[in-house]
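Visitor: Quick one, fold the following:
(one chain, ligands or ions: 1)
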Amino acid sequence: MPPHRSARGSSGSQHQHKCDAGQSHVLQFWPELSKEERARFLLELSQLDLKGLQDHCDGAAKAAASPSTKLDGNIEPVLPEFIGSTQKSDTNTLASWESEGILQISQNRVGVLLLAGGQGTRLGVQYPKGMYDVGLPSGKTLYQIQAERIHKIQELADLKHGSKCTVPWYIMTSEFTLDPTEKFFKEHHYFGLEPSNVIMFEQRMIPAVTFDGKVILQSKGKIAMAPDGNGGLYRALVDNKVLEDMERRGVEYLHVYCVDNILVKMADPVFIGFCVSKGADCGAKVVEKRHPSEPVGVVCRVGGVHQVVEYSEIQPETAKLRGPGGELVYSAGNICNHFFTRAFLHEVAQKFEVQLKQHVAIKKVPFVDGCGNQVKPDKPNGIKMEKFVFDVFPFSRNFVVFEVVREDEFSPLKNADGAAMDTPTTARASLLAQHSRWARAAGAALLDQHGNTLPPTARVTGESSPSAQCEISPLVSYFGEVRTSSRLCSQTIRERIL
Ligand SMILES: CC(=O)N[C@H]1[C@@H](OP(=O)(O)OP(=O)(O)OC[C@H]2O[C@@H](n3ccc(=O)[nH]c3=O)[C@H](O)[C@@H]2O)O[C@H](CO)[C@@H](O)[C@@H]1O
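Guide: Just a heads-up that it's a prediction; the model follows:
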């Protein structure tokens, strides 16, 4: 088990035991520290599990030195009988899944869980990604959009079943994101949600390590710590008694998703309904990969067992393989939207969590050098070990895959503007294009300032942007439906034509 630090602290130890872990260098600046700095540092050290520290450091150095294993010989696509699809299913089937999902939601059996402990380094902001405003006409942040979708799905379920339901929102944060996220939600009055139904908790942190297995000192009195990956979820569920909270509320199904997808369908009733109808304990939403080298994980089978294979784990020739119709054989792109039953999560927490693979991430970790100078490295110098949320798929007894349309459900915010894809501009464009499609499907004509009808934007890519700026509040429509709350519709549909 890696040495960790969690918000609630853990096994206590004295700093003189540090030498046992072979990491005495962390105390090299001890004489220079003030009383307060010493107290803070001691507290940090006392929260580390020293027993696991040396193993963690040795393991990280060893893993980073070994070449990553390619899985090509062993992989196969997911069999069709395990796959559901929004595109390939008829309307009756889709309606029955949606209806099943809405029923479960109306009975308070569905929760959503946001993975928001990541540092968002690629986007280059110092605050949590969920607080990012991609420049929509409304100025809404990702958190606000997600909160409003929860409102709407609750309302749709209430209207259909005459109930008053709650979809609790669990938010996994880390040392980096908890305080700002909490503050942001408080400042925005939880976007109108009941604060007791927004449950924030913290994942563990583990030390970053040099290539020769030494804990990295971030400053003279602080170890460089990093969150333990989004697979840290399973330990965090136990640390923070989240499964007990779910049980108390009667939540049986959880939709887990990552923070950066502006099109995410919170507690998506079609996905939930599909998984529940199939009796699945675990499921993954996928989109068709755009091209063989798109950097997304692929859901497939390895040695007959379902798992996600990261693009670095297969050879380009395998990624390029095509079937008889010209489609990619390994096309099931993971969009980090997962379904779990509470029973499965409980089993994972009890039995399987310790078996989850440790992945190596090589990063630039700021550190203090032997002379006490603060250094911002310009090339990678450290190893962060991470667990991945999808590494529990192999333990599922009934795993299913749900294929959705990219334009409707996936446009992640990964990079700053200027990059080729997954930027604020592309995220904004995807949302506005989707809302224009919804408005048109509902009978609206989008006009320019001269009164000319604007043509539909065929496909939004990094280079193109929608011709119309049409943003529809999630409080008005969840997935383009117009059947409810016409009062709300006429008041809040925002259309601004460029
Ligand atoms: C491991 C994982 O899921 N990889 C998926 C993730 O990649 P990707 O590389 O984008 O994964 P990120 O590092 O962005 O993390 C995904 C989510 O996990 C959260 N997070 C991350 C680290 C951490 O310690 N704690 C935490 O909560 C992030 O805040 C984010 O919401 O999304 C892609 C689609 O967008 C998928 O194709 C990848 O297969």
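
Visitor: mind listing what residue 286 touches?
Guide: 299, 332, 333, 334, 335, 401, 402, 403, 404 (CB atoms under 8 Å, 6 or more residues apart in numbering). Every residue, glycine included, has its C-beta placed from N, CA and C.

Visitor: tell me which of those residues is nearest to the ligand?
Guide: If you rank the contacts of residue 286 by distance to the ligand using CB to the nearest ligand atom, residue 334 comes first, at 4.0 Å.

Visitor: Let me know how buried the closest one is, in neighbour terms.
Guide: A count of nearby residues for residue 334, using other CB atoms under 10 Å, gives 24.

Visitor: ditto for residue 41
Guide: Residues lying near residue 41 (other CB under 10 Å) number 22.

Visitor: right, and it touches residue 222 too?
Guide: Yes. Residue 41 is within contact range of residue 222, at 6.7 Å (criterion: CB atoms under 8 Å).

Visitor: same for the longest strand along the chain, what does it pack against?
Guide: Secondary structure assigned by DSSP state E gives strand 332-341 as the longest strand of the chain. Applying 3 or more CB pairs under 8 Å, 6 or more residues apart in numbering; DSSP states H and E, one finds that strand 332-341 contacts strand 253-258, helix 269-277, strand 282-288, strand 298-302, strand 399-403.

Visitor: Around the closest residue to residue 455 other than its chain neighbours, how many other residues sit close by?
Guide: Using CB to CB, 6 or more residues apart in numbering and skipping the chain neighbours, the partner closest in space to residue 455 is residue 467 (6.3 Å). Using other CB under 10 Å, residue 467 has 17 neighbouring residues.

Visitor: Dihedrals phi and psi, residue 467?
Guide: Here is the backbone geometry of residue 467 (degrees, to the nearest 10): phi -70, psi -30.

Visitor: Wait, it touches residue 447, no?
Guide: No. The pair residue 467 / residue 447 is not scored as a contact, 10.6 Å apart, by CB under 8 Å.

Visitor: just to revisit the earlier point, dump the contacts of residue 286 to TSV, plus distance to the ligand.
Guide: Listed next are the contacts of residue 286 as TSV, based on distance: CB to the nearest ligand atom, whole Å:
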residue	distance to the ligand
299	9
332	10
333	6
334	4
335	5
401	13
402	15
403	14
404	13
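
Visitor: can you list the residues of the stretch 1-150 of the chain near the ligand?
Guide: 115, 116, 117, 118 (CB under 6 Å from any ligand atom).

Visitor: who's in contact with the residue lying closest to the second one once chain neighbours are set aside?
Guide: Sequence neighbours aside, residue 259 is the residue nearest to residue 116 in space, at 4.7 Å (criterion: CB to CB, 6+ apart). With contacts taken as CB under 8 Å, 6+ apart, residue 259 has the following neighbours: 114, 115, 116, 118, 128, 129, 130, 142.

Visitor: Filter the residues you listed down to the ones in helices?
Guide: residue 142 (DSSP state H).

Visitor: Mind pulling the model confidence for the residue of the stretch 51-200 of the chain found nearest the ligand?
Guide: Per CB to the nearest ligand atom, residue 118 is where the stretch 51-200 of the chain lies closest to the ligand, at 2.7 Å. If you check residue 118, the pLDDT there is 93.

Visitor: Over to residue 361?
Guide: According to the prediction, residue 361 has pLDDT 90.

Visitor: quick revisit: mind putting the helices and strands packed on strand 332-341 in a markdown table, mean pLDDT included?
Guide: What follows is those, written out as a markdown table (pLDDT from 0 to 100):
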| stretch | mean pLDDT |
| --- | --- |
| strand 253-258 | 98 |
| helix 269-277 | 98 |
| strand 282-288 | 98 |
| strand 298-302 | 96 |
| strand 399-403 | 98 |
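
Visitor: Dump the ones you listed to TSV, plus distance to residue 383.
Guide: Below are those laid out as TSV (distance: least, CB to CB, whole Å):
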stretch	distance to residue 383
strand 253-258	23
helix 269-277	35
strand 282-288	28
strand 298-302	24
strand 399-403	31
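
Visitor: out of these, nearest to residue 62?
Guide: strand 298-302 (22.4 Å; CB to CB).

Visitor: which parts of the following helix or strand past the closest one are buried?
Guide: Where DSSP states H and E defines the elements, the next helix or strand beyond strand 298-302 is strand 305-309. Buried positions in strand 305-309, judged by neighbour count with 16 or more other CB atoms under 10 Å: 306, 307, 308, 309.

Visitor: Including pLDDT and distance to the ligand, could the residues you listed go into CSV?
Guide: Formatted as CSV, the buried residues of strand 305-309 follow (pLDDT from 0 to 100; distance: CB to the nearest ligand atom, whole Å):
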residue, pLDDT, distance to the ligand
306, 97, 14
307, 96, 11
308, 96, 6
309, 93, 9
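
Visitor: coming back round to it: show the contacting residues for the residue of the stretch 51-200 of the chain closest to the ligand.
Guide: Counting by CB under 8 Å, 6+ apart, residue 118 makes contact with 129, 174, 177, 227, 230, 258, 259.

Visitor: For the fourth one, name its beta-bridge partners.
Guide: When you say that, I think you mean residue 227. residue 205 (DSSP bridges).

Visitor: number of nearby residues for it?
Guide: Counted by other CB under 10 Å, the residues lying close to residue 227 total 23.

Visitor: Could you do the fifth one as well?
Guide: Counted with other CB under 10 Å, the neighbours of residue 230 add up to 23.

Visitor: Would you point out which residue of the stretch 351-498 of the chain is nearest the ligand?
Guide: For the stretch 351-498 of the chain, CB to the nearest ligand atom, closest residue to the ligand: residue 388, 3.9 Å.

Visitor: helix, strand or coil for the closest residue to that residue other than its chain neighbours?
Guide: Of all residues not flanking residue 388 in the chain, residue 231 sits nearest, at 4.5 Å (CB to CB, 6+ apart). Per DSSP: H, G, I helix; E, B strand; the rest coil, the local secondary structure of residue 231 is helix.

Visitor: Please renumber the chain so that the first residue is 760 from this point on.
Guide: Sure, I'll start numbering at 760, so the last one becomes residue 990.

Visitor: which ones are touching residue 990?
Guide: So residue 990 contacts 1115, 1145, 1146, 1147, 1148, 1149, 1150, 1151 (CB under 8 Å, 6+ apart).

Visitor: correct me, but residue 892 touches residue 898?
Guide: Yes. Residue 892 lies in contact with residue 898 (CB under 8 Å); the separation is 5.6 Å.

Visitor: who's more crowded, these two?
Guide: residue 892 (13 against 9).
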